[in-house]
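In: predicted coordinates and the sequence they were generated for:
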Amino acid sequence: SGINAEYGDSSIFSAHLKRGQSFHVRCTAIQLLALFIKNESSERDLNTILSLIEFDQSPFIRCHAAQQLYKLPLFTKHQDCFLNNLHLVERLWRLLNEHQDFNLRCCLAQLYYTLYGRTTPTCVPTNNCAVVIDLKGQTARTNVPGIPSSFRFSSKFDDDRKYSSDDSSSSRKKKKHKPMS
């Protein structure tokens, strides 16, 4: 929003992130550093902001830093960028699950969704194992080694009926109720 970062050295922004600076100066430094990261793809500066999110004592500064990263996304879901790596995915996931601050967790969830959407990030290796279960047709398909690629399963209810004995049901006598007079 009207902020122009002069590309080059980001150390001036990082210097103003430290405690002891005015709250508004720190917020402006976070905005400029986020813009710098977006335009210059600086992993060092990204780690600076993530460390701020992780360790800063001010909950508002932590949330503001996360908000700036999702307002100015580092990359899109389908964009190749060296910042899109397994280390970033794991760090964001860990931060998302470890912090007790509800507002920060919401900001981190929004950041994660902005960067990766609802799918598995492309930088995460897959194990190529999948099982698709059709509950209506009671069939399953899989590509897991050692399991047939397609099989039919039966429910526990079907198994119970198959093994129930007819003797137990016939031994019960039906009693006729007499009408009360």
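Out: Received, thanks. Residues are numbered from 1 along each chain as shown.

In: C-alpha only now, for contacts and for neighbours.
Out: Noted.

In: okay, strands next: where are they in this structure?
Out: 131-134, 139-142, 150-152 (DSSP state E).

In: check which helices and strands the top helix by length along the chain is in contact with.
Out: Longest helix in the chain by number of residues (criterion: DSSP state H): helix 23-40. The contact analysis (3 or more Cα pairs under 8 Å, 6 or more residues apart in numbering; DSSP states H and E) places helix 23-40 against helix 11-15, helix 43-55, helix 59-71.

In: quick one: closest of the ones you listed to Leu35.
Out: Closest to Leu35 of those is helix 59-71 (Cα to Cα; 8.4 Å).

In: which parts of the closest one are buried?
Out: For helix 59-71, a neighbour-count test (16 or more other Cα atoms under 10 Å) marks 61-70 as buried.

In: what's the answer for stretch 17-35, then?
Out: 17, 26-27, 29-35.

In: for Leu115, state which of those is nearest.
Out: Minimum distance to Leu115 across these is 14.2 Å, recorded for Ala34 (Cα to Cα).

In: my read is that the closest one contacts Leu72, right?
Out: Yes: Ala34 lies in contact with Leu72 (Cα atoms under 8 Å); the separation is 6.8 Å.

In: where are the low-confidence patches of the protein?
Out: 1-8, 127-132, 142-181 (pLDDT under 70).

In: redo that, cut-off 50
Out: 1-6, 157, 160-161, 164-172 (pLDDT under 50).

In: distance of Asn84 from Ser58?
Out: From Asn84 over to Ser58 the distance is 27 Å, taken as Cα to Cα, to the nearest Å.

In: those two: which is more packed in?
Out: Asn84 (20 against 13; other Cα atoms under 10 Å).

In: contacting residues for the more buried one?
Out: 75, 123 (Cα atoms under 8 Å, 6 or more residues apart in numbering).

In: quick check: it vs Leu46, distance?
Out: 11 Å.

In: same deal with Thr120?
Out: Taken as Cα to Cα, the span from Thr120 to Leu46 is 21 Å.

In: which one of these two has more residues nearby?
Out: Applying other Cα under 10 Å to Thr120 and Leu46 shows that Leu46 carries more neighbours, namely 20 against 12.

In: quick check: the gap between the nearest residue to that one once chain neighbours are set aside and Arg44.
Out: For Leu46, ignoring the flanking residues on the chain, the nearest one in space by Cα to Cα, 6 or more residues apart in numbering is Ile37 at 6.4 Å. Between Ile37 and Arg44 the distance is 9 Å, computed by Cα to Cα.

In: count of residues packed around Asp45?
Out: For Asp45, using other Cα under 10 Å, the count is 19.

In: show me what contacts it?
Out: Neighbours of Asp45 in contact, by Cα under 8 Å, 6+ apart: 10, 14, 33, 37.
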